[in-house]
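*Asks:* Build the 3D model from these lines:
(one chain, ligands or ions: 1)
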Amino acid sequence: MAQLFSIFGDPVSHSRSPLMHNSVFKNLNYKACYTRTHLLDGSRLKETFFSLGLSGANVTVPHKEAAFNACDEVRGFAKTVGVVNTLVNENGKLIGYNTDADGFMYAIEEFKDIQNILILGAGGTAKALCARFLQEVIKVSVINRSEGRLTYFKELGSLCYSWDSYATHKYDLVVNTTSAGLKDEELPAPKEIIDDILANTTFVADAIYGKLTPFLKLAQAKGLTFKDGADMLLGQGVLANELFVDSMLQREDIQKEMKKSFLL
Ligand code: NDP
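*Replies:* Residues are numbered from 1 along each chain as shown. Prediction:
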């Protein structure tokens, strides 16, 4: 019987994950299908997962922390950060993983000598990236709209700013992990702060993919080297697919097929 996979999120209609995973399944003759599920209430993730009879799933904004709480067992890096983006049904148990952080490390390989990063946002993605950067002994600062979510990052030893307390520093890379610009045309912080940040960085990245966000448009206008979240998406997708197929397919083949789906 074919296996069924899905992505959970709100919004979820923009997600390219179904295209990516189905491209792998179809072209590598793996009997499975990947769909999307618009989930408003994160606390219903587990019951929805099992009622749909899923073999695995990805989780996107804003349910990654709810996904962590829904798991029977969390493995690997997801345990360090409390954020899950990949779920696997292992004999009726919900197992959680995080493939976002390694996906992002893959995405920024082309940016050399990154020693000092500013993260915009303090949600699930920001947590995963921050913890992963610290593992690489990269200095991390965080700026977020609301103060409350900064506690986690302060405890990790990062320099943290709210919009009110922001102060100028030089960075090698600034990465937007807020959802500002995802379904609106907002900047991740007031324009005067973003202008100052962009005047003091070498590279710029956005986790959002499939569109040039207002943040990236500004980076482009200032002549900075930037990239959107497409390579991060590819990186996390390859690692998630490996977990879905329980290593029955080769990573290089998964990557090749997924990459092709980006051209569709
Ligand atoms: P969360 O909901 O966990 O966090 C969202 C963050 O965005 C919070 O810090 C929130 O601030 C901030 N935020 C939301 N709206 C605004 C706004 N209008 N202005 C400023 N800040 C805002 O989301 P995730 O971390 O799960 O995802 C964040 C983004 O990253 C999404 O756009 C998602 O699509 C993208 N993403 C892309 C991936 C890829 O593969 N390319 C992988 C993972 C994520 P506050 O605390 O004040 O509410």
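*Asks:* For this structure, which segments count as strands?
*Replies:* 3-9, 32-38, 56-59, 73-74, 86-90, 93-97, 116-120, 139-144, 159-162, 171-176, 201-206, 225-227 (DSSP state E).
*Asks:* Give me the nearest residue to H21, chain neighbours excluded.
*Replies:* Nearest non-adjacent residue to H21, counting by Cβ to Cβ, 6 or more residues apart in numbering: Y34, 3.9 Å away. To be clear about C-beta, it is placed using only N, CA and C from the backbone, and glycine gets the same treatment.
*Asks:* Just confirm that neighbour contacts S6, I think it does.
*Replies:* Yes: under the criterion of Cβ atoms under 8 Å, Y34 is in contact with S6, at a separation of 6.7 Å.
*Asks:* and the stretch 101-250 of the chain, which residues reach the ligand?
*Replies:* 103, 121-126, 144-146, 149, 177-180, 182, 186, 188, 207-209, 229, 232-233, 236 (Cβ under 6 Å from any ligand atom).
*Asks:* So how do I select the buried members of those in ChimeraX?
*Replies:* Burial among those is assessed by 16 or more other Cβ atoms under 10 Å; the matching ChimeraX selection reads:
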select :103,121,122,123,124,125,126,144,149,177,178,179,180,182,188,207,208,209,229,232,233,236
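*Asks:* buried residues in stretch 73-85?
*Replies:* Quick answer for stretch 73-85 (16+ other Cβ under 10 Å): 74-75, 77-85.
*Asks:* how about the residues you listed in CSV, adding distance to Y30?
*Replies:* Listed next are these as CSV, based on distance: Cβ to Cβ, whole Å:
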residue, distance to Y30
V74, 25
R75, 22
F77, 25
A78, 24
K79, 28
T80, 30
V81, 29
G82, 31
V83, 27
V84, 23
N85, 21
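*Asks:* Tell me which residue in the stretch 101-250 of the chain sits closest to the ligand.
*Replies:* Closest approach of the stretch 101-250 of the chain to the ligand (Cβ to the nearest ligand atom) occurs at G123, with a separation of 1.9 Å.
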